[in-house]
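K.L.:
got a predicted model here, sequence first, then my questions.
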Amino acid sequence: MANLKVYGHIISANTQRVLMILKEKNVPYELITVDFMHGEHKTPSYLEKHPFGQMPYIDDDGFILFESVAISKYIAAKYRSNGTQLLPDSSDLEAFALFEQACCIESNDFYPLAGGIVMENVVKPLHGTSPNEVVVAELTAKLAGKLEGYEAILRKHEYLAGDKVTIADLAHLAVGSTMTHSGVKLLLDTEKWPNVARWWKDITSRPTWREIWEERVVAAKLLAGS
Ligand SMILES: N[C@@H](CCC(=O)N[C@@H](CS)C(=O)NCC(=O)O)C(=O)O
C-alpha cells in the first residue's frame with residue numbers, strides 16, 4: 001500500500017495532472033476514487049481536507065495538500081532525484097523565474113479558456129446539460145489569440161520555460177487533451193501555430209501521459225453509460 005494517497009477521479013483533469021507527475025517521478029501512489037457524481041467532494045468530511053470541495057487533494061503520510069499545480073511542485077521537489085527532472089535548479093534564479101512565468105501562463109492564459117471549453121463540452125453533458133455553443137465559440141476565439149503568444153515563446157525554445165520540459169508544460173496536458181478530444185483542435189493546427197503543434201505532439205506522446213489518457217477514456221465511457 002503506497003503512503004501517498006491521491007483523492008480524486010481518473011476523469012478529473014486536475015487529478016490527471018497530479019497522476020502524470022507521480023508517474024514521471026516514479027513515485028508509488030494510491031488513487032482513492034471520489035464519488036463526485038454523488039457529491040462526495042461536498043461532504044463535511046471531504047471539506048475538512050479540501051475547503052473548496054474539489055478534486056484532487058493528496059494525503060502524503062498525513063500531510064494534506066490541495067491545488068494540482070502546488071501538489072505537482074511539491075512532488076517534483078520532494079522527489080527531485082527520481083525520474084524526470086521537472087523543476088529548474090533552485091539556485092538558478094533566472095531559470096526559476098522563467099519557470100514560474102510559464103506556470104502563470106498556464107494558469108492565467110490557458111486554463112480559464114480551455115477549462116471553460118471543457119466545462120461546456122464535457123462536464124455539462126456528463127451532468128445532463130447541453131453545451132452553450134456561443135460560449136464555446138467565444139472561448140475558442142480567445143484561446144486562439146493566446147496561442148499567438150505561445151507560438152512566439154515556442155518558436156524561441158522547445159518548451160515553455162526553456163529547452164527542458166517542466167511541470168509548466170505538463171500542466172497543460174489534461175485540460176488540453178480533453179478539450180481536443182471534445183472537438184476543439186486548436187493545439188493540433190500545424191499551419192497556424194507550427195511550434196505549438198510540435199510542442200503539443202511532443203508532450204502528448206510521453207508514455208506516462210498515454211497511460212493516463214487510456215485509463216481516462218475507459219472511465220469516461222463507463223460514466224457516460226451509467
Ligand atoms: N485549481 C484547482 C481546481 C480543481 C478543480 O476544479 N477540480 C474539479 C475536477 S477537475 C472539481 O473538483 N470540480 C468539481 C467542483 O468544483 O465542484 C486545482 O488545480 O486543483
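P.N.:
Thanks, I have the structure now.
K.L.:
tell me who's in contact with Pro125.
P.N.:
Neighbouring residues of Pro125 by C-beta atoms under 8 Å, 6 or more residues apart in numbering: Pro131. Quick note: C-beta positions are derived from backbone N, CA and C, even for glycine.
K.L.:
how about it, secondary structure?
P.N.:
helix (DSSP: H, G, I helix; E, B strand; the rest coil).
K.L.:
just Gly53 next, same as before
P.N.:
Once three-state DSSP is applied, Gly53 turns out coil.
K.L.:
is it true that it touches Glu40?
P.N.:
No. Using C-beta atoms under 8 Å, Gly53 is not in contact with Glu40; the gap is 9.5 Å.
K.L.:
name the residues contacting each of the two.
P.N.:
In contact with both Gly53 and Glu40: Tyr46, using C-beta under 8 Å, 6+ apart.
K.L.:
how far off centre is the one helix or strand Ala168 maps to?
P.N.:
Assigned by DSSP states H and E, Ala168 falls within helix 167-170. On the basis of C-alpha atoms, centre = their mean, to the nearest Å, helix 167-170 is displaced by 8 Å from the centre of the chain it belongs to.
K.L.:
touching the ligand at all, that helix?
P.N.:
No. Using C-beta under 6 Å from any ligand atom, helix 167-170 stays clear of the ligand, coming no nearer than 12.1 Å.
K.L.:
and that helix, what does it pack against?
P.N.:
helix 13-24, helix 68-78, helix 93-105, helix 194-204 (3 or more C-beta pairs under 8 Å, 6 or more residues apart in numbering; DSSP states H and E).
K.L.:
most tightly packed of the ones you listed?
P.N.:
helix 13-24 (a mean of 24; mean count of other C-beta atoms under 10 Å).
K.L.:
what angle separates that one from helix 194-204?
P.N.:
For helix 13-24 against helix 194-204, the angle between stretch directions is 70 degrees (axes from the mean of the first three to the mean of the last three C-alpha atoms, to 10 degrees).
K.L.:
adjacent strands (with direction) for the next helix or strand after helix 13-24?
P.N.:
Downstream of helix 13-24, the first helix or strand assigned by DSSP H and E is strand 30-33. Sheet pairing of strand 30-33 (DSSP bridges) gives strand 4-8 (parallel).
K.L.:
got the CA coordinates for the strand it pairs with in PDB?
P.N.:
Taking Å, rounded to 0.1, in the frame of the first residue of the first chain, the C-alpha atoms of strand 4-8 are listed here in PDB:
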ATOM      1  CA  LEU A   4       0.900   8.800  -0.900                       C
ATOM      2  CA  LYS A   5      -2.800   8.800  -1.500                       C
ATOM      3  CA  VAL A   6      -4.500  10.900  -4.200                       C
ATOM      4  CA  TYR A   7      -8.100  11.700  -3.600                       C
ATOM      5  CA  GLY A   8      -9.700  12.400  -6.900                       C
END
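K.L.:
with that, I have no additional questions.
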